[in-house]
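Student: based on what follows, work out the 3D shape:
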Amino acid sequence: MSLISGSRFFVTGIGTDVGKTIVSSILMKAVNGLYWKPIQCGTEPITDCSRVRQLTGYAEQHFLPEKYLLKKPASPHLAAPEEGVTVCLDDIVLPIERTDSRNLVVEGAGGVMVPLNCNDTVGDLALHLGLSTVVVASPYLGAYNHTLLTIEALRRRCVSLLGIVVSHVATTDYDPDFISFVEKKTGLPVLLEVPYLPRVTPEAISVLSAQLKQTLESENYYGKVREQSVAPLYSAKDSSPADRIQ
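Tutor: The predicted structure is shown next:
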């Protein structure tokens, strides 16, 4: 099975600096798509768009301009007012004329509960755009909590979940049970494991993108996603949250 032309993906993470931009580069190259970061907070030393362009080696026509390009490296609800701007969810619209028949990778800002303004979060943006969402998790101390909370927040918003990428770029810690536990608990497949890379190179991105492409084109993978993408975080056989706390 090959990828359907016009597939669109939203990349979010369980926190800041877990490897979303690296994973976006891998995914973009795996599907030979376009890249869009609608809200960029922080322009120094380079933007995420520039970083993805370096890592993929793709030409300028593969990249869409940011809707909001904010100088301060902070949450959008803090960075935008400093420039007299208010981030408005309704103003963030997929550029259909450029993406109708092309695969598209959209990268979010920070984690899913990062506020865009007084009312909306990155999770709301994922739902607003209606894309298949990839969650980037890094197995640092506290990752179980952050990963399950992230999945739960997205499911409460009825966001379509494609799967999880486990990224070691933010930590050298390794829990051999992390992947199997997260897959079992969430019902979502781990699409790829990104190893710790002292230096991220275009060559490494190419190797990992080939692995991810193979997963995305797998018959078994598509069947699993159809069954599990909207499954509840806790199955009926699990005890209640109150029982687990006790």
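Student: so where do the strands sit in this protein?
Tutor: With strands called from DSSP state E, the chain shows them at 8-13, 34-36, 39-41, 68-70, 104-111, 132-137, 161-167, 190-194.
Student: turn the ones you listed into a markdown table, including mean neighbour count.
Tutor: (Glycine included, C-beta is placed from N, CA and C.) Below are those laid out as a markdown table (neighbours: other Cβ atoms under 10 Å):
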| stretch | mean neighbour count |
| --- | --- |
| strand 8-13 | 26 |
| strand 34-36 | 23 |
| strand 39-41 | 23 |
| strand 68-70 | 20 |
| strand 104-111 | 25 |
| strand 132-137 | 26 |
| strand 161-167 | 24 |
| strand 190-194 | 20 |
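Student: tabulate the ones you listed (TSV), appending distance to Cys118 and mean pLDDT.
Tutor: Formatted as TSV, the strands of the chain follow (distance: least, Cβ to Cβ, whole Å; pLDDT from 0 to 100):
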stretch	distance to Cys118	mean pLDDT
strand 8-13	20	96
strand 34-36	24	96
strand 39-41	15	97
strand 68-70	16	96
strand 104-111	16	95
strand 132-137	24	96
strand 161-167	27	96
strand 190-194	34	95
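Student: run through the chain and note the low-pLDDT ranges.
Tutor: Residue ranges of the chain with pLDDT under 70: 1-6, 96-101, 170, 219-246.
Student: can I get the strands of the chain in a markdown table including distance to Leu208?
Tutor: As requested, the strands of the chain are exported to a markdown table (distance: least, Cβ to Cβ, whole Å):
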| stretch | distance to Leu208 |
| --- | --- |
| strand 8-13 | 14 |
| strand 34-36 | 16 |
| strand 39-41 | 24 |
| strand 68-70 | 28 |
| strand 104-111 | 14 |
| strand 132-137 | 13 |
| strand 161-167 | 10 |
| strand 190-194 | 6 |
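Student: out of the ones you listed, which is closest to Leu149?
Tutor: strand 104-111 (9.0 Å; Cβ to Cβ).
Student: quick one: residues in contact with that closest one.
Tutor: Here strand 104-111 makes contact (Cβ atoms under 8 Å, 6 or more residues apart in numbering) with 7-16, 20-21, 24, 27-28, 31, 33-41, 48, 52, 75-76, 94, 114, 116, 122, 125-126, 129, 131, 146, 150.
Student: which of the strands of the chain sits closest to Gln61?
Tutor: Gln61 sits nearest to strand 34-36 of all the strands of the chain, at 8.4 Å, using Cβ to Cβ.
Student: what packs against the closest one?
Tutor: On a contact count with 3 or more Cβ pairs under 8 Å, 6 or more residues apart in numbering; DSSP states H and E, strand 34-36 meets helix 20-31, helix 48-56, strand 104-111.
Student: with that, I have no additional questions.
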